[in-house]
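Trainee: need a 3D model of the following:
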Amino acid sequence: MKTWLSVRSYAKLIGKDYDEVIKLIDNGAVVSKEEDGEIYVETDSQQTLPAKHASGDILKVDMESGDGIQFVEKTIGTILNMHEKVMDAKDETLEALKSENQFLKEALMSMQELYDEDRTTIETLSNELNATRDELEFMKRKYKLMWGKVVEKHAGESS
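Mentor: Numbering: from 1, shown residues only. Got it, this is the predicted structure:
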């Protein structure tokens, strides 16, 4: 999350004059907005380190001066903002996983319903097949009895 500082506070934070910051705003090097006649500059974690400390040297903050206290406050604010971003990203990830799990659950339920329908269909077809087999066996016995008598009768006449 970005923070907005007044031009004077921003100039003090980065160790530049008010006019230099205005030139940076005019050149488009710094994002700014104007509210109630006051100009604010957008800052992030890269911009909160004062230019005099950005070289990578050991950071020395004079806690007696107002600049040191402001620097520490801004740094803590930046850390809190970054923590908030991480928490938001975590929440977004959890929501995405929850929606994916819901989708998979619904897909699984749909497949289970299809499986149940297929099982019912197979059971119905198996019952019909068994009934057809029973009927076929009955017809075979009936025709065997009927044709068996005809064959015996026909065999008796020809002798």
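Trainee: now do stretch 19-34, average pLDDT.
Mentor: Average pLDDT, stretch 19-34: 86.
Trainee: swap in stretch 81-99?
Mentor: The pLDDT scores in stretch 81-99 average 95.
Trainee: offset the numbering so it begins at 738, please.
Mentor: Got it, first residue is 738 now, which makes that one stretch 818-836.
Trainee: next, the buried residues of it.
Mentor: Applying a neighbour-count criterion of 16 or more other Cβ atoms under 10 Å, the buried positions in stretch 818-836 are Asn818. Where you see a C-beta, it was placed from the backbone N, CA and C, and this is true even at glycine.
Trainee: quick one: distance of the helix ranked longest in the chain to the chain centre.
Mentor: Secondary structure of the chain read by DSSP state H shows that its longest helix is helix 803-895. How far helix 803-895 lies from its chain's middle: 24 Å, per Cα atoms, centre = their mean, to the nearest Å.
Trainee: so which elements touch it?
Mentor: Contacting helix 803-895 under the criterion 3 or more Cβ pairs under 8 Å, 6 or more residues apart in numbering; DSSP states H and E are the following elements: strand 740-743, helix 744-751.
Trainee: and Tyr777, helix, strand or coil?
Mentor: Using DSSP: H, G, I helix; E, B strand; the rest coil, the structure places Tyr777 in strand.
Trainee: closest to Val823 out of the helices and strands packed on helix 803-895?
Mentor: Taking Cβ to Cβ, strand 740-743 is the member of the helices and strands packed on helix 803-895 nearest to Val823, at 16.4 Å.
Trainee: what pairs with the closest one, parallel or antiparallel?
Mentor: According to DSSP bridges, strand 740-743 forms sheet pairs with strand 775-780 (antiparallel).
Trainee: give me the buried positions along the partner strand.
Mentor: 776-778, 780.
Trainee: any low-confidence regions in the protein?
Mentor: 738, 781-804, 896 (pLDDT under 70).
Trainee: can I see the domain layout of the protein?
Mentor: Taking automatic domain parsing as the domain assignment, the record places the domains of the chain at 738-791, 798-896.
Trainee: so for Glu775, what's the nearest residue that isn't a sequence neighbour?
Mentor: Ser743 (6.0 Å; Cβ to Cβ, 6 or more residues apart in numbering).
Trainee: that concludes my questions; thank you for your assistance.
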